[in-house]
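**Student:** Dropping the sequence and predicted coords here.
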Amino acid sequence: MTLTSTPPAPAVSPPAAGGTGAARRAARRRAALEWVAVHSLAVAAALFFLLPFVFVLLTAVMSDDQALTRDLWPHTWEWGNFATVWNTPGFLTWWRNTLLYAGLGMVLAVGSSIPVAYALAVFRFRGRNLAMMLVIAMMMLPPQVVVVPMYLFWAKQLDLAGTLWPLIIPFGFGNAFTIFLLRQFLLTIPREYTEAARIDGCGELRTMLRIVLPMAKPAIAAVALFHFFYCWNDYFGPQIYASENPAAWTLSYGLESFKGAHQTDWNLTMAATVLIMAPVIVVFFFAQKAFIEGVTLTGVKG
Amino acid sequence: MTAAVHAAAPGLRARRRRSALRTLAFLSPWLIGFAVFFAYPLVSTVYFSFMKYDGFAPPTWVGFKNWAYVFGDYPYFWPALRNTLWLVAVMVSLRVLFGIGIGLLITKIKTGAGLFRTFFYLPYLAPPVAATMSFVFLLNPGTGPANTILESLGLPAPGWFTDPAWSKPSLTLLALWGIGDLMVIFMAALLDVPKEQYEAAELDGAGPWQRFRSVTLPNISPIVLFAVVTGVIATMQYYTEPLVAAKVASGVIGGSGQQFEPGYPDRTTLTVPQIVYNLGFQRFDTGAACVVALVLFALAMAFTAVLMRRRSGFLSAED
């Protein structure tokens, strides 16, 4: 109600029309006020998003004693905390395992999902809609629904509990989320390209590899990145399959037990946290475009 | 036309068979994956839900005993279900509202937009375990920076992750901090709203709120629906954050094989996925774990069915 009672249309149109000086001044003042309001709100929001990082960093370089007090600013800057964490037994193993899980998992998932996504986007066949609906159902399924029989399968039948293989191998058989996103992207590529290739006598595999995939590079980069960080962040999978064998722990799983072993050492725990967040943020700065494209890809209409 | 098809029938059939084989070949990784990692375990889950099985002695048929146990005697089931529904209602709606708000804000920023966008996006990248542990530290009622600041401002300092009344709001705060993905999606949707519609509304004398209601909202409603549905599905799987928060806040010594009271404080952070783990991997009660898994499956599929019905655009199974 009060909003509509403020000076309406005339105050807005003059800048273009060139109207009277008073109206133009009022418009400019309103624009300035809006600028101040929007930017103070933005600064407040930025504080909400950034302050946690700042406090985590500050605590990471505090001394053991100070980390137990309420002081927010470090008295002494203990950069050695990072070295202490790095040299903790097991920390390097967690890195190696995480890179293995995320790297191999990413390659397998993307590699096996590409032909499936291609078939679902380009081929016309009976049962295509059903297949698509099953992909979506699989995507929506919480991993906990099937984890009990899957664990029994890997542990009892294949004796692979305590390793990361039960997490990596399934990625060689297509990943529903990756298939779905790639297929949505491939649908946007005009059919003329694949039809022209076919008329020129190009086989389906060659059409996919030579014609379509080069056009889908940004989408592939985005899903690869998504996948890498899914594994990097995964806690549930390593907890199920690797928890009983510390040699198979990953960073996400190891970090939590790190806190357990260093009950009171918030400074070391925060230093470890920083070391685990850092690679993600560094990769983001190098691959910003692929990240953002990946996120918008999940939101686009098919 | 039909005559030609009939004449070419044998050749056509061979061509059809070849294209069917080709389709199968392209789909084969997923067909195997679907059978081995989806269909087979799902059927086994139903089977085990009627069995008594501890992982060692051979399974024995017990009928609906596991079901009766989960719904009647297992003390964590109803709290976990209630918490999950609370999170679906409160966390998802607040995330969508906050996401729209941050998306609107970022489209209005004129100076330093790129920098602000990066700031708002960064928390989304923080690994969940690391983010959760940081928040438990930041919101530690004794020594955490958040309460130090609140108290110095003369504001009430809650118990956060250690207070049953505040534990879920604390998790919600953590979820709002990682809003970056929704911000990007809403930003893209908001930039797509046709400018002419705003101009037309303005000529009709619509104020900011009316413009938002009658121009912005209808234009972004498919994305709002998308955000709600994906939010609900993510909440159905909500596991790492509440578990790590409860473990670290309760001061339990972590690591493998360590038992702790699930859902600290007072079962308020238990979620349905967590009790699958509790039953199956801590109590070695495979049958009961499978019952809970099926409840989770029913919930997730019910939401998927709603999504299919609404065809939120993102779905287009048929094009």
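**Tutor:** Sure, I can see it.

**Student:** my guess is A:Leu275 contacts A:Ala83, does it?
**Tutor:** No. Contact status for A:Leu275 versus A:Ala83: not in contact, 10.5 Å apart, counting by C-beta atoms under 8 Å. C-beta here means a position set from N, CA and C on the backbone, and glycine is covered the same way.

**Student:** Those two - which one has more neighbours?
**Tutor:** A:Leu275 (19 against 11; other C-beta atoms under 10 Å in any protein chain shown).

**Student:** So what does the more buried one have for phi and psi?
**Tutor:** The phi and psi torsions at A:Leu275 (degrees, to the nearest 10) take the values phi -60, psi -30.

**Student:** Which residue ranges of the stretch 201-319 of chain B form helices?
**Tutor:** Under the criterion DSSP state H, counting those that start in this stretch, the stretch 201-319 of chain B contains helices at B:208-211, B:217-236, B:240-249, B:272-277, B:286-310.

**Student:** Just put those helices in CSV and tack on mean pLDDT and distance to B:Ile32.
**Tutor:** Below are the helices of the stretch 201-319 of chain B laid out as CSV (pLDDT from 0 to 100; distance: least, C-beta to C-beta, whole Å):
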stretch, mean pLDDT, distance to B:Ile32
helix B:208-211, 91, 52
helix B:217-236, 89, 25
helix B:240-249, 92, 29
helix B:272-277, 96, 25
helix B:286-310, 86, 22
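
**Student:** Among those, single out whichever gets nearest to A:Ala196.
**Tutor:** Minimum separation from A:Ala196 across those (C-beta to C-beta) falls at helix B:217-236, 33.0 Å.

**Student:** Residues contacting the closest one, please?
**Tutor:** A:140, A:142, A:298-299, A:301, B:84, B:87-88, B:91-93, B:95-96, B:99-100, B:182, B:185-186, B:189-190, B:192-194, B:197, B:272-273, B:296, B:299-300, B:303-304, B:306-307, B:310, B:312-314 (C-beta atoms under 8 Å, 6 or more residues apart in numbering or on different chains).

**Student:** which of the residues in it are buried?
**Tutor:** Of the residues in helix B:217-236, those with enough neighbours to count as buried (16 or more other C-beta atoms under 10 Å in any protein chain shown) are B:220, B:222-236.

**Student:** give me the low-pLDDT residue ranges for the stretch 101-250 of chain A?
**Tutor:** In the prediction, the stretch 101-250 of chain A carries no residues with pLDDT under 70.

**Student:** Now do the helices in it.
**Tutor:** With DSSP H, counting those that start in this stretch as the criterion, the stretch 101-250 of chain A has helices spanning A:128-140, A:147-152, A:165-168, A:176-187, A:191-199, A:204-206, A:213-215, A:217-233, A:236-242.

**Student:** The residue of the stretch 101-250 of chain A found nearest chain B: how many residues sit nearby?
**Tutor:** Using C-beta to the nearest C-beta, A:Phe173 is the residue of the stretch 101-250 of chain A that sits closest to chain B, at 3.0 Å. Using other C-beta under 10 Å, A:Phe173 has 22 neighbouring residues.

**Student:** do the same with B:Ser250
**Tutor:** A count of nearby residues for B:Ser250, using other C-beta under 10 Å, gives 17.

**Student:** Could you report the separation of the closest residue to it other than its chain neighbours from chain A?
**Tutor:** Once its chain neighbours are removed from consideration, B:Ser250 has its nearest residue in B:Tyr264; the separation is 3.9 Å (C-beta to C-beta, 6 or more residues apart in numbering or on different chains). Distance, B:Tyr264 to chain A, using C-beta to the nearest C-beta, to the nearest Å: 14 Å.

**Student:** OK, contacts around B:Tyr264?
**Tutor:** B:Tyr264 neighbours (C-beta under 8 Å, 6+ apart): B:Ala246, B:Lys247, B:Ala249, B:Ser250, B:Val252.

**Student:** next one: phi and psi at the nearest residue to A:Asn245 once chain neighbours are set aside?
**Tutor:** The spatially closest residue to A:Asn245, leaving aside those adjacent along the chain, is A:Gly162, at 3.6 Å (C-beta to C-beta, 6+ apart). Torsion angles at A:Gly162 (phi, psi; degrees, to the nearest 10) stand at phi 80, psi 10.

**Student:** Count the neighbours of A:Gly162 for me.
**Tutor:** The burial metric for A:Gly162, expressed as a neighbour count using other C-beta under 10 Å, is 17.

**Student:** same thing with B:Leu12?
**Tutor:** By other C-beta under 10 Å, the residues close to B:Leu12 number 13.

**Student:** Over to B:Ala113?
**Tutor:** By the other C-beta under 10 Å criterion, the neighbourhood of B:Ala113 contains 13 residues.

**Student:** quick one: it and chain A, what's the gap?
**Tutor:** Plainly put, B:Ala113 is 9 Å away from chain A if you go by C-beta to the nearest C-beta.

**Student:** And the pLDDT for the residue lying closest to that residue once chain neighbours are set aside?
**Tutor:** Leaving aside its sequence neighbours, B:Ala113 sits nearest to B:Ile106 (C-beta to C-beta, 6+ apart; 6.7 Å). Looking at B:Ile106, its pLDDT reads 94.

**Student:** OK, contacts around B:Ile106?
**Tutor:** A:Ala42, B:Ala113, B:Phe116, B:Arg117, B:Phe120, B:Met183, B:Met187.

**Student:** JSON lines please, covering these and showing pLDDT, secondary structure and distance to A:Val223.
**Tutor:** Conversion of these to JSON lines gives the following (pLDDT from 0 to 100; DSSP: H, G, I helix; E, B strand; the rest coil; distance: C-beta to C-beta, whole Å):
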{"residue": "A:Ala42", "pLDDT": "95", "secondary structure": "helix", "distance to A:Val223": "31"}
{"residue": "B:Ala113", "pLDDT": "89", "secondary structure": "helix", "distance to A:Val223": "27"}
{"residue": "B:Phe116", "pLDDT": "94", "secondary structure": "helix", "distance to A:Val223": "27"}
{"residue": "B:Arg117", "pLDDT": "92", "secondary structure": "helix", "distance to A:Val223": "22"}
{"residue": "B:Phe120", "pLDDT": "95", "secondary structure": "helix", "distance to A:Val223": "23"}
{"residue": "B:Met183", "pLDDT": "93", "secondary structure": "helix", "distance to A:Val223": "20"}
{"residue": "B:Met187", "pLDDT": "93", "secondary structure": "helix", "distance to A:Val223": "21"}
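
**Student:** okay, now B:Tyr124: neighbour count?
**Tutor:** One way to gauge burial is a neighbour count; for B:Tyr124, by other C-beta under 10 Å, it gives 20.

**Student:** part of a helix, is it?
**Tutor:** Yes. Judged by DSSP: H, G, I helix; E, B strand; the rest coil, B:Tyr124 forms part of a helix.

**Student:** tally of neighbours for the residue nearest to it when sequence neighbours are not counted?
**Tutor:** Nearest residue to B:Tyr124 in three dimensions, chain neighbours excluded: B:Gly180, at 2.8 Å (C-beta to C-beta, 6+ apart). As a burial measure, B:Gly180 scores 24 neighbours (other C-beta under 10 Å).

**Student:** picking up where we left off before, can you tell me the element the residue nearest to B:Ala113 falls in?
**Tutor:** Element membership of B:Ile106 [criterion: DSSP states H and E] is helix B:92-108.

**Student:** With A:Arg96 instead?
**Tutor:** helix A:91-122.

**Student:** What is that helix packed up against?
**Tutor:** Helix A:91-122 sits against helix A:128-140, helix A:165-168, helix A:176-187, helix A:217-233, helix A:251-261, helix B:9-34, with contacts defined as 3 or more C-beta pairs under 8 Å, 6 or more residues apart in numbering or on different chains; DSSP states H and E.

**Student:** For chain B, name the helix or strand with the lowest mean pLDDT.
**Tutor:** Using mean pLDDT, DSSP states H and E, the weakest-scoring helix or strand in chain B turns out to be helix B:2-7, at a mean of 51.
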